[in-house]
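Undergrad: predicted model and sequence below, questions to follow.
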Amino acid sequence: MNDEPQAPLARPDDRPIVIQTRDLERRFGDLVALRDINLSVRRGSIFGMLGPNGSGKSTLIRILCGVLSPTAGSASVLGFDVMRDAEAIKRRIGYMSQGFSLYGDLSVRENLEFYGRIYNLDKERLERRIGEVSELIGLGERMEQFARTLSGGWKQRLALACALIHEPELIFLDEPTAGIDPVARRELWDLLFTLSGRGVTLFVTTHYMDEAERCDAIGYLYQSRLIVSGMPDDLKGLPDVTPAGTRRWELETHSPSELLAKLREIPGVIDATIFGQAIHLLARESMSETDLMRELRPPEGSQLRPIEPSLEDVFIALCRREEVGRLSEPTPAPESGQRPDLPSAPPHKTVPERASPLAGFWAILIKEFIHMRRERTTLFFMFIVPVLQITIFGYAIRLQIENIPLVVFDMDGRPQARALQESFVNTRTFQVIERVRDRDALDAALRSGRAKAALVIPPDYTEKLTEGRAAQAQVLIDGSDSQQATTALHASGLLGQVNAAQLQLQFLEALPRALARNPAGHVAQPIEIKPWLLYNPGLKSSYFFVPGLVGLVLQLVTLFLTSFAIVRERELGTLEQLFVTPVGRTGLMLGKLVPYALTGFLETLIILSVMVGIFGVPIAGSLLLLLCLTVLFLVCALALGLLVSTIARTQVQAIQFAFLVMLPSVLLSGFMFPRSQMPGPIWIFTFAIPVTYFLEILRGIILRGAHLLDLIPFVSGLIICTTTLLTISVLRFRKRLS
């Protein structure tokens, strides 16, 4: 291929250049999305960029908007370098993305107000601009309508209005008419002409050739290269489009598809393509109209006439020659009328403005609260689901195992045997569900799973007790449930000891002398040990599990809501739309996180109320200390959600990452199993789980009444986790696309 650029195409133009690229290139790994892009666009022009899907049009716009870094080359927009001064560019441009990327659950007015706040318009100016753009675009009667209910054409109008709200000098429109009806297309282009007449520069990508005809200058991207650019009339006169010694014809006929193959076989016909009910063909100049009609013999009524090439002819011809390697390298960009042989106007240098880190915070904050108020499923998930979770877990999870199903096979039937049965029932560990009369029925009850244990009393049980001999009773335990089996085993063994001790005491009472007697004069055991339990005398499992559930539920809700809120915006395209605005990174993150932090704190109050009111778990320590440390944990959980959102690209991925985080939080934090019993490497890993420290804090304050000094190791660990997660999340969260 020839490396020299094509001949100059355009007329002189004194208007300043607002877009300039030099050898611009962008790669995604081994994929070359753009290469050697040399482009110039002048102020006040409508520049149309054409090309098939995947040719790099959207990538080029993202680079020029400052949200995607070029791999090589340079580009300036309004005199600012896209790499160094991206934030200064974003304050002066408007952007209308390929798909509708505004907020469907906000009204037309709320969307306009949101973007006005993003650009820091004061209240008076914002109201004035809303009135101006609504009048220009015709949104007046739809200001209170939700954006999601608008038709395709009106959605595009709203997107254009949001792009205009801050009076930009340059607007990028990525296929603005895709998917809308012809009437809406015409009306949208009328608006673009109006804006161009007011001095606004428009950079438009499109698939439609009739739209390209309306542009002041056009370029054509093909396989990542700008193969040609210039004014439409100049492009039609390119020698590569209609080579010397050739002529273009148009054949109108009733059956173009039937004649197409025949035309291509005629000697002297170089190319033929169907255009509606006609065929455009390129033939050698030596072939006259008579020669063509004689060779073709079309149906009666067909007409053949010479024509000038259309833009579609231009791009078809150039693409075909590009494929065979006969087309020269891309034309330098005389987009709005510049001749390549004239020196390019130097970019206008302006001192870059420094963006405030909190820019856009107020706009993001208000918008997030509107989202939360409108999204009913989110409200349900935030307030109802936590109460349901803690209630279900609090009632369902028990450390004590009670009412183990017991079947009794009593072959004795006398008072001593009935007393033994009553002693089993009185412990509340067992519950008699059936009394059987034979061994087969007993075996069936155990085999079916209806009973987990069986008490077998032999027929000579009473005789042995009466004669002072050792009496035996057999307990059969289903070992398939290890927890119930362990409990049944310990309970039955303890019952045997208690019953034996009672019989021994009855025997010793009859003796004249005993080793020890109680104050009432009765025989007692020589040594008596009275257990004394602290913090949870009744050994209630809710006292242990419910405080731990507070930490797990708070992490679950904040993690899911935060990661989903950001990933959802990425999927809808609204996050990319925000990247093109001057909203600061800190403002964007805080605006996103603060509403969920406040919501999480409200959830804390609700969950603690449920814990105290329903489960009767008192808070033994300082409530103020508990709430302060809960705020610290909420920040940590929000940072964790933000980190997940920087990794996940879809909501499905966010769910997967969230569960990946929650699984060790439940199993390894000490909520279910003691950490001290875990193997060494896993025990070390538990220190990287934030909820580990918060569970110790919760149980320390709520159950033991611990003070801050008692909790220093756990508070320090939580602070380290929070700082680490925030740092990583902030470093990963950037206002650029990757």
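TA: That came in fine, so what should we check first? Numbers count the residues shown, from 1 in each chain.
Undergrad: run through the stretch 451-600 of the chain and note the low-pLDDT ranges.
TA: 467-470, 479-485, 496-544 (pLDDT under 70).
Undergrad: can you tell me which helices and strands the longest helix that the chain contains packs against?
TA: Criterion DSSP state H: the longest helix present in the chain is helix 541-572. Where contact means 3 or more CB pairs under 8 Å, 6 or more residues apart in numbering; DSSP states H and E, helix 541-572 is packed against helix 385-396, helix 574-579, helix 585-613, helix 623-647, helix 651-667, helix 690-702. To be clear about C-beta, it is placed using only N, CA and C from the backbone, and glycine gets the same treatment.
Undergrad: rebuild those as a markdown table, extending it with distance to residue 54 and mean neighbour count.
TA: A markdown table is the format used below for the helices and strands packed on helix 541-572 (distance: least, CB to CB, whole Å; neighbours: other CB atoms under 10 Å):
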| stretch | distance to residue 54 | mean neighbour count |
| --- | --- | --- |
| helix 385-396 | 43 | 16 |
| helix 574-579 | 18 | 21 |
| helix 585-613 | 30 | 19 |
| helix 623-647 | 26 | 21 |
| helix 651-667 | 24 | 16 |
| helix 690-702 | 43 | 25 |
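Undergrad: for residue 364, find the nearest of those helices.
TA: helix 585-613 (2.4 Å; CB to CB).
Undergrad: for that closest one, packing partners?
TA: Counting by 3+ CB pairs under 8 Å, 6+ apart, helix 585-613 packs on helix 361-374, helix 385-396, helix 541-572, helix 623-647.
Undergrad: the stretch 51-200 of the chain: strands as residue ranges?
TA: 72-77, 80-81, 93-96, 170-174 (DSSP state E, counting those that start in this stretch).
Undergrad: which non-adjacent residue is nearest the spatially most central residue of the chain?
TA: Closest residue to the average C-alpha location of the chain: residue 567 at 1.8 Å, with CA atoms, centre = their mean. Sequence neighbours aside, residue 654 is the residue nearest to residue 567 in space, at 4.5 Å (criterion: CB to CB, 6 or more residues apart in numbering).
Undergrad: identify the residues contacting the one you found.
TA: By CB atoms under 8 Å, 6 or more residues apart in numbering, the contact set of residue 654 is 560, 563-564, 567, 644-645, 648.
Undergrad: residue ranges with poor pLDDT in the stretch 251-400 of the chain?
TA: Counting by pLDDT under 70, the stretch 251-400 of the chain contains low-confidence residues at 324-355, 375-382, 384-400.
Undergrad: returning to that earlier point: which ones are touching the residue nearest to the centre of the chain?
TA: 645, 648-651, 653-654.
Undergrad: and for residue 549, the neighbour number?
TA: 26 (other CB atoms under 10 Å).
Undergrad: cool, and the one 4 residues further on?
TA: If you count neighbours by other CB under 10 Å, residue 553 ends up with 20.
Undergrad: and it, how far from residue 637?
TA: Distance, residue 553 to residue 637, using CB to CB, to the nearest Å: 11 Å.
Undergrad: residue 207 now?
TA: Taking CB to CB, one finds residue 207 at 46 Å from residue 637.
Undergrad: the domain parsing of this protein - what is it?
TA: Domain segmentation of the chain under automatic domain parsing yields 1-92+169-177+193-241+309-339, 99-166, 244-308, 361-394+539-732, 404-509.
Undergrad: just put those domains in a markdown table and tack on distance to residue 186.
TA: What follows is these, written out as a markdown table (distance: least, CB to CB, whole Å):
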| stretch | distance to residue 186 |
| --- | --- |
| domain 1-92+169-177+193-241+309-339 | 9 |
| domain 99-166 | 10 |
| domain 244-308 | 19 |
| domain 361-394+539-732 | 25 |
| domain 404-509 | 74 |
